[in-house]
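> Test case, fold it:
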Amino acid sequence: MPSQEHNSELLNLLPNTIIELFEVDLGEQDGMYRFHSGVISTDPLIFDGKPFFPLPVDASGFEKRSDGQLSRPILVFANPDGLITDILKGRKDLVGKTFIRKRVFLKFLDSVNFPNNFNPFAIPDPDARYENEVFIINRKTEENKFYIEFELASPLEMEDVKLPTRVMLSNYCPWKYRGLGCRYGQRSDFLDPEPTIDNDNITKTQPSTFFVSGSDKLGDLGMPVADENDKMFWEQNGYNLTAMVWRGDYDKTVSNYIVGDSVRVKSKIFNLAKLEMSDLDEDLVDEPDMFFVCIANAPLDSDPRYKKEYWSQDQCSHTLDGCKKRYKFYGEYKKGLPYGGFPSIEAFRFR
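Numbers count the residues shown, from 1 in each chain. Reported below is the predicted structural model:
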């Protein structure tokens, strides 16, 4: 919501210059790209600690219409040496990506934009701006070696939007394993189950913590349980591993990974498309970390993501049975299962 300073500036007889800033969400792997048209400055503009880079672009058609028809803004990007064409390759011409237009008075930009890091006009205020205008890139209307043109559309008129957006299925969980909704290994209400010790004094079932010899705990990460087909790692009809040991994050320089070793491959990697150094968490890909179990002694530099003959990934079958296999260690589901399906909607069978 715009701040009082913003509202006061609107009534000023000599209002300050308005700056247009743009954001395009390129997806989980490429991140958020921020830019401005370069009319006011040919240097990056810093707003709310985030840089908006200069990019030759003409944005028009954002005006509100009195007949109630929704706006269809047009973006025209300069395409020197096919620069924008290269960005579009493999990204489906950015169709369906979110586009955000921000408008802010120049006087409320961050102090770093001014000489000697001092804003002589006002106190920088990220809330002193107009409401964000959100659009969806609807289609690419023209492309040549000089420019590329896009048409935007309101999210309210997208043809492929479904309400409700979540499809109800009786026997399949739509949650991303270890991610939002599931959060296996991260749920505060499922921590510290009672461990089970086998004859060799090795903790065999601690779903909230990886187990090692003895009783040491190494963080609430969620023990690997089974592969995508619910083939369990320690059961005889599964991988029949007699011991599992947590080895931390995978290190390609380690040459002694043996059967039963469990490792993590972090999905949170630095994203070059996001250059905000003030908030490192925003520079990370929002994907759940991956966990692997060594099923055959692995040679040096055997990346678990690709060397399937040595590693099996901890995954979920997205079925009710798969969910139970992970949470059964916490008692008879006394806190309930975070299952995303709806078994009760299955058709009633008459007898």
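
> Looking at this structure, which strand is longest?
Assignment by DSSP state E gives strand 133-143 as the longest strand of the chain.

> Measure how buried Gly322 is and give me the count.
Residues near Gly322, counting by other C-beta atoms under 10 Å, number 19. Backbone N, C-alpha and C define where each C-beta goes, glycine included.

> and Glu20, how far is that from Gly49?
Look at Glu20 and Gly49: by C-beta to C-beta, to the nearest Å, they are 19 Å apart.

> the more surrounded of the two?
Glu20 (17 against 14).

> Please give the element, helix or strand, for that one.
strand 18-25 (DSSP states H and E).

> Direction included, what does that strand pair against?
For strand 18-25, the pairing partners within the sheet under DSSP bridges are strand 32-36 (antiparallel), strand 98-105 (antiparallel).

> Any chance you could list what contacts that strand?
Outside of strand 18-25, the residues within contact range by C-beta atoms under 8 Å, 6 or more residues apart in numbering are 31-37, 40, 45, 47, 52, 57, 59, 94, 97-106, 109, 137.

> Angles on the backbone of Asp321, please.
Taking degrees, to the nearest 10, you get phi -60, psi -40 for the backbone angles of Asp321.

> residues touching it, list them.
The contact partners of Asp321, taken as C-beta under 8 Å, 6+ apart, are Asp230.

> Tell me how many other residues surround the nearest residue to Arg178 once chain neighbours are set aside.
Nearest residue to Arg178, sequence neighbours excluded (C-beta to C-beta, 6 or more residues apart in numbering): Pro288, at 3.8 Å. Look at Pro288: counted by other C-beta under 10 Å, it has 18 neighbours.

> next one: Glu228
Glu228: 14 neighbours (other C-beta under 10 Å).

> all numbers from here: first residue = 183
That works, and once the first residue is 183, the last one we named lands at Glu410.

> of the contacts of strand 200-207, buried ones?
213-219, 222, 227, 229, 234, 239, 241, 276, 279-281, 283-284, 286-288, 291, 319 (16 or more other C-beta atoms under 10 Å).

> thinking again about what came up before, send me the next helix or strand after the longest strand of the chain as CSV with only the CA atoms.
Moving toward the C-terminus from strand 315-325, the next helix or strand (DSSP H and E) is strand 329-335. Extracted in CSV, the C-alpha atoms of strand 329-335 (Å, rounded to 0.1, in the frame of the first residue of the first chain):
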residue,chain,number,x,y,z
TYR,A,329,13.5,-5.2,-32.2
ILE,A,330,11.2,-7.7,-30.5
GLU,A,331,7.6,-6.8,-29.6
PHE,A,332,5.5,-8.4,-26.9
GLU,A,333,1.8,-8.1,-25.9
LEU,A,334,0.9,-8.2,-22.2
ALA,A,335,-2.4,-9.2,-20.8
